[in-house]
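Engineer: Any chance you can model this:
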Amino acid sequence: MVFEVLEYDFMQRALLSGTTIAVLCSVVGMFLVLRRYSLFGDAIAHSSFGGVALGLFMGIYPLWMAYVVSIISAVLITRIREKFDVSGDAAIAVMLSSGIAVALVIIGLAGGFSIDIFSFLFGSILLVSAHDTILVLAMTGSILLVILALFRQILYSTFDEKQAKVSGIHVERINYLVVFMAGLTVVTAIQLVGVLLISALFVIPNVTAMMLGRGFQSTIIISIVISISSVIAGIMLSYSLNIAPAGSIVLLSICMLGASMAAKSTGLFARR
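Structural biologist: Numbering: from 1, shown residues only. The predicted structure is shown next:
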């Protein structure tokens, strides 16, 4: 049955896009979690939903407008936190509510849209087009190349900003770069799990991996494996049972988190 499913073009695109997004969210999400920005993805996703509504209202491809709005929102959150001494969670909460509010107003002014806007809320990975798949691959490749090229600076700035500044690293620039990449990642991943569940893809695999890993490299590898496994299994399960892929993916991730918690509580992964 598995091989029969893989014969369909839409399943091939879904699995390829989903696997690629899983890797990207694990890598970028790890830096967000370590920076205590776990809800950052959620705020950007809600803001990008406002961008989707604005794009539909203006007759522009919604994902392009979502990219623009998400980047602006990511920069604004960082700017507000630094300039006005507002806590990160407060800045995120403001942006999160603002994005949905803007989207609702635009949808009301437009009198609704012919396009199913709920696909952006809950994801539509099984309906991803060849164009969207190419966009996902290109965006993921670009972001991962940047992270690889600046890995030391990003990692150092994440763990110890003061020491990183002493070492000559432009921490402010790195911080803006991280949130910039996070904004791009969020919009890229919206097609997989939608606006409402995007933070789960950033946080759950990484939290699970932190319980099992013994260092940064092993932790991020475990996170990628967990994320890819939940995405592939979730897509296949959703197709077999005719249920929402986003829900299947997130629930499987939660099950893995629960299993790791249970294993850790019994001392199965205790250090030796």
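Engineer: what's the neighbour count on the residue lying closest to I60 once chain neighbours are set aside?
Structural biologist: Nearest non-adjacent residue to I60, counting by Cβ to Cβ, 6 or more residues apart in numbering: L54, 7.9 Å away. C-beta here means a position set from N, CA and C on the backbone, and glycine is covered the same way. Applying other Cβ atoms under 10 Å, we find 19 residues neighbouring L54.
Engineer: cool, and the one 10 residues further on?
Structural biologist: As a burial measure, W64 scores 14 neighbours (other Cβ under 10 Å).
Engineer: Could you list which residues are in contact with it?
Structural biologist: Residues near W64 by Cβ atoms under 8 Å, 6 or more residues apart in numbering: G55.
Engineer: And it, its phi and psi?
Structural biologist: In terms of degrees, to the nearest 10, the main-chain angles of W64 are phi -60, psi -40.
Engineer: Show the model's pLDDT score for it.
Structural biologist: Per-residue pLDDT puts W64 at 85.
Engineer: Correct me if wrong: the residue nearest to I60 contacts M65.
Structural biologist: Yes - L54 lies in contact with M65 (Cβ atoms under 8 Å); the separation is 5.4 Å.
Engineer: got any residues that touch both of the two?
Structural biologist: Here L54 and M65 share no contacting residue, scored by Cβ under 8 Å, 6+ apart.
Engineer: Please report how far V166 lies from L144.
Structural biologist: Per Cβ to Cβ, to the nearest Å, V166 is found 28 Å from L144.
Engineer: of those two, who's got more company?
Structural biologist: The residue with more neighbours, out of V166 and L144, is L144; 16 against 9, by other Cβ under 10 Å.
Engineer: Which strand or helix spans the more buried one?
Structural biologist: Assigned by DSSP states H and E, L144 belongs to helix 130-149.
Engineer: and that helix, what does it pack onto?
Structural biologist: helix 9-34, helix 171-212 (3 or more Cβ pairs under 8 Å, 6 or more residues apart in numbering; DSSP states H and E).
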